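[1] Here is my input; please provide its structure:
(one chain, ligands or ions: 2)
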Amino acid sequence: MKQSTKRRSSPTTEREFGGTLGASCIPVLLPLLVLFLLSVSRSPGASLLQWPPQLPPTSALWDPLAPLLLLGWVTLHAFLYLLPLGKVSEGLVLKNGTRLQYPVNGFHALVISVGLLQLLLWLGVPLGSLFDLLLPLAVCATGLSFLLSFYLYISSFWAPPHALAPGGNTGNPLYDFFIGRELNPRIGNFDLKYFCELRPGLIGWVVVNLGMLMKEVELRDEASLAMLLVNGFQLLYVADALWNEEAVLTTMDIVHDGFGFMLAFGDLAWVPFAYSLQASFLVVHPVELGAAAASAIVLLNGIGYYIFRKSNSQKNVFRRDPKHPSVSSLETIATATGKRLLVSGWWGLVRHPNYLGDLLMALAWSLPCGFSHLLPYFYVGYFTVLLVHREARDERQCRAKYGQAWDAYCQRVPYRIFPYLY
Ligand SMILES: NC(=O)C1=CN([C@@H]2O[C@H](COP(=O)(O)OP(=O)(O)OC[C@H]3O[C@@H](n4cnc5c(N)ncnc54)[C@H](OP(=O)(O)O)[C@@H]3O)[C@@H](O)[C@H]2O)C=CC1
Ligand SMILES: CC(C)=CCC[C@@H](C)[C@H]1CC=C2C3=C(CC[C@@]21C)[C@@]1(C)CC[C@H](O)C(C)(C)[C@@H]1CC3
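    Ligands and ions are numbered 1, 2, ... in the order given. Below is the predicted model:
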């Protein structure tokens, strides 16, 4: 935040994600990792540790149907985004004192998408074929992320200085391309970052999962309990995100981060194809789940979801209206900015109770796949690294914003994510 007034005249020097080296390697390595994980998930051994690694033949990477499906899907969601459904909400105040407006109709888009999928199933469209198209679709989604990121990088040079992101303007083209120069790039009123964060990729993840479930039905005549649990848990997570769509307007990604390759690839390729690994694993590696194990997993997901939702909602309500009856009795500490920090309730348990809930859910999504392979636990490992890193970034930003008040909060609530552990 400190650098925000110096944007173009004096480039920032603070670099994240391994600086220029990270920004040069990650755009090559992450797409390869997605292809690697997808092909391991469908190989009989499903071994992450096999050497040499399991790589897909190039013929498996392309299908002319894939770009058509992908473009059709993104166009459908752009159309749904523009429909005058739901309310319009304002984002936080920008550097120039204005607020942007955002359509809050993501849940409508999910419901319409689910309706369309039901129609396709009723028409006899073999949704299970998505299993065979996963690699070509992931390749096309990666291509689309690169195209979008080039557009974002070039168009950002026409953006006014106040529209640039704090961290993505170092003057180093590789790094800025990766992190993203512009904060809220738009074409007219169409907000590209907000659209990509919640629509084609997130809802696409649900569609990929459903495709895996249908493939399982094709192969074994019925969906397994493990597959139903993975589909149900992840559908709940996506539906929750879209039901609470407005809350995304106050997240780090929308408020602080630029829109560059990292988020574009994360939203369009990483989420739908890496987050659906458990479902694609189960197609080839069926797991028999007993009622007791299934109940314990449902309970774990329920506890994780409860902590995730309650803590996120508590903070959102508090930030929007500190006098709201559900939060007005909570203990807080004042900061020099005029904003207060919660020190009781969920935010008095650990400094990121919402991450704790999210991680418990992540574990519940992997457990239905059993303990025979590491691959279904990839998401838990990746997500722990992502959230620990995110927590550290947020901590830096909060310390810069709130100074001593933040230190007092840290003394009062010493654990970051896991009570008594971390
Ligand atoms: N599935 C996925 O891949 C991912 C999921 N997520 C999830 O997204 C959700 C949002 O996470 P994220 O955007 O990282 O950050 P948070 O929702 O945790 O927001 C952090 C901000 O909350 C405010 N805050 C921190 N402590 C307090 C307090 N004690 N009292 C009041 N306000 C406080 C600060 O902002 P300020 O004071 O300025 O309001 C801080 O910058 C989480 O549930 C996370 O798990 C995140 C990343 C990836
Ligand atoms: C490895 C790589 C390319 C990382 C990029 C990170 C992105 C995948 C994530 C950054 C923040 C995200 C959020 C969600 C999805 C993953 C990304 C884009 C989110 C939309 C998931 C649903 C949640 O309820 C959420 C809305 C809080 C969340 C917001 C952040």
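[2] and the stretch 251-400 of the chain, which residues reach ligand 1?
    251-252, 308, 312, 315, 318-319, 339, 341-342, 347, 352, 354-355, 358, 390, 394, 397-398 (CB under 6 Å from any ligand atom). In this view, the C-beta of every residue, glycine as well, is placed from N, C-alpha and C.
[3] Now the helix ranked longest in the chain: buried residues?
    Counting by DSSP state H, the longest helix found in the chain is helix 291-320. Residues 293-294, 297, 300-301, 304-305, 307-308, 311-318 are the ones in helix 291-320 that count as buried (16 or more other CB atoms under 10 Å).
[4] Just read off the phi/psi values of the residue nearest to residue 370 when sequence neighbours are not counted.
    Here the nearest residue to residue 370 in space, its sequence neighbours aside, is residue 287; by CB to CB, 6 or more residues apart in numbering that works out to 4.5 Å. As for residue 287, its main-chain torsions (degrees, to the nearest 10) stand at phi -130, psi 130.
[5] for residue 287, what are its contacts?
    By CB atoms under 8 Å, 6 or more residues apart in numbering, the contact list for residue 287 reads 224, 226, 368-370.
[6] so where is the stretch 251-400 of the chain shaky, pLDDT-wise?
    Applying pLDDT under 70 to the stretch 251-400 of the chain flags no residue at all.
[7] For ligand 2, what's its nearest residue on the stretch 1-150 of the chain.
    The minimum distance from the stretch 1-150 of the chain to ligand 2, using CB to the nearest ligand atom, falls at residue 30 (5.6 Å).
[8] any idea of the pLDDT on that residue?
    pLDDT recorded at residue 30 is 96.
[9] how many other residues sit next to it?
    Counted with other CB atoms under 10 Å, residues neighbouring residue 30 total 18.
[10] And the strands in this structure?
    87-90, 101-104, 186-187, 190-191, 332-334, 340-342 (DSSP state E).
[11] what's the burial count for the residue of the stretch 51-200 of the chain found nearest ligand 1?
    Residue of the stretch 51-200 of the chain nearest ligand 1, by CB to the nearest ligand atom: residue 92 (8.6 Å). For residue 92, the neighbour count with other CB under 10 Å is 11.
[12] Please identify the residues of the stretch 1-150 of the chain in proximity to ligand 2?
    Counting by CB under 6 Å from any ligand atom, the residues of the stretch 1-150 of the chain close to ligand 2 are residue 30.
[13] Quick check: closest non-adjacent residue to residue 367.
    residue 297 is the one closest to residue 367 (CB to CB, 6+ apart), at 4.9 Å.
[14] what does the model give residue 1 for pLDDT?
    Taking residue 1 on its own, its pLDDT is 32.
[15] ok, now residue 94?
    Residue 94 is given a pLDDT of 85.
[16] need the contact list for it.
    Contacts of residue 94 (CB under 8 Å, 6+ apart): 100, 162-163, 183-184.
[17] distance of the residue nearest to residue 415 when sequence neighbours are not counted from residue 380?
    Nearest residue to residue 415, sequence neighbours excluded (CB to CB, 6+ apart): residue 350, at 4.6 Å. Distance of residue 350 to residue 380, given as CB to CB, to the nearest Å: 18 Å.
[18] Adding mean neighbour count, write the strands of the chain out as TSV.
    Below are the strands of the chain laid out as TSV (neighbours: other CB atoms under 10 Å):
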stretch	mean neighbour count
strand 87-90	12
strand 101-104	18
strand 186-187	14
strand 190-191	17
strand 332-334	15
strand 340-342	19
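[19] How much space separates residue 157 from residue 176?
    Taking CB to CB as the measure, residue 157 falls 10 Å from residue 176.
[20] So these two - more neighbours on which side?
    In this view residue 157 and residue 176 are compared by other CB under 10 Å, and residue 176 has more residues nearby, 25 against 9.
[21] Would you mind measuring from the spatially closest residue to that one that is not a sequence neighbour to ligand 2?
    Take residue 176 and drop its neighbours on the chain: the residue closest to it by CB to CB, 6+ apart is residue 168, 5.2 Å away. According to CB to the nearest ligand atom, to the nearest Å, residue 168 and ligand 2 sit 14 Å apart.
[22] Who has more neighbours out of residue 350 and residue 380?
    More neighbours surround residue 350 than the other of residue 350 and residue 380, with 23 against 17 (other CB under 10 Å).
[23] Against ligand 2, how distant is the more buried one?
    Separation of residue 350 from ligand 2 (CB to the nearest ligand atom) stands at 17 Å.
[24] which residues touch that residue?
    By CB under 8 Å, 6+ apart, the neighbours of residue 350 are 356, 413, 415-419.
[25] can you check residue 194 too?
    Per CB under 8 Å, 6+ apart, neighbours of residue 194: 102, 184, 248-249, 254.
[26] so residue 297 touches residue 229, yeah?
    Yes - Residue 297 lies in contact with residue 229 (CB atoms under 8 Å); the separation is 6.3 Å.
[27] For the stretch 101-250 of the chain, give me the ranges with low pLDDT.
    Using pLDDT under 70, nothing in the stretch 101-250 of the chain is flagged.
[28] Return the per-residue confidence for residue 14.
    On the pLDDT scale, residue 14 gets 69.
[29] circling back: redo the strands of the chain as CSV? Include distance to residue 199.
    Compiled in CSV, the strands of the chain are given as follows (distance: least, CB to CB, whole Å):
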stretch, distance to residue 199
strand 87-90, 16
strand 101-104, 11
strand 186-187, 15
strand 190-191, 11
strand 332-334, 35
strand 340-342, 31
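[30] Of all the ones you listed, which one comes closest to residue 132?
    strand 190-191 (33.0 Å; CB to CB).
[31] Would you mind listing the outside residues contacting the closest one?
    Contacts for strand 190-191 (CB under 8 Å, 6+ apart): 78, 81-82, 100, 102, 184-185.
[32] partners of it, with directions?
    Looking at strand 190-191 with DSSP bridges, its partner strands are strand 186-187 (antiparallel).
[33] what's next to the partner strand, contact-wise?
    So strand 186-187 is contacted by 100, 192 (CB under 8 Å, 6+ apart).
[34] picking up where we left off before, identify those among the contacts of residue 194 that sit within helices.
    residue 254.
[35] nearest to residue 375, of the contacts of residue 194?
    Nearest to residue 375 among the contacts of residue 194, with distances taken as CB to CB, is residue 248, at 29.4 Å.
[36] how many other residues sit next to the closest one?
    Using other CB under 10 Å as the criterion, the residues surrounding residue 248 number 21.
[37] Need the max-distance pair from the contacts of residue 194.
    184 and 248, at 12.6 Å, using CB to CB across the contacts of residue 194.
[38] list residues touching both of these two?
    194, 254.
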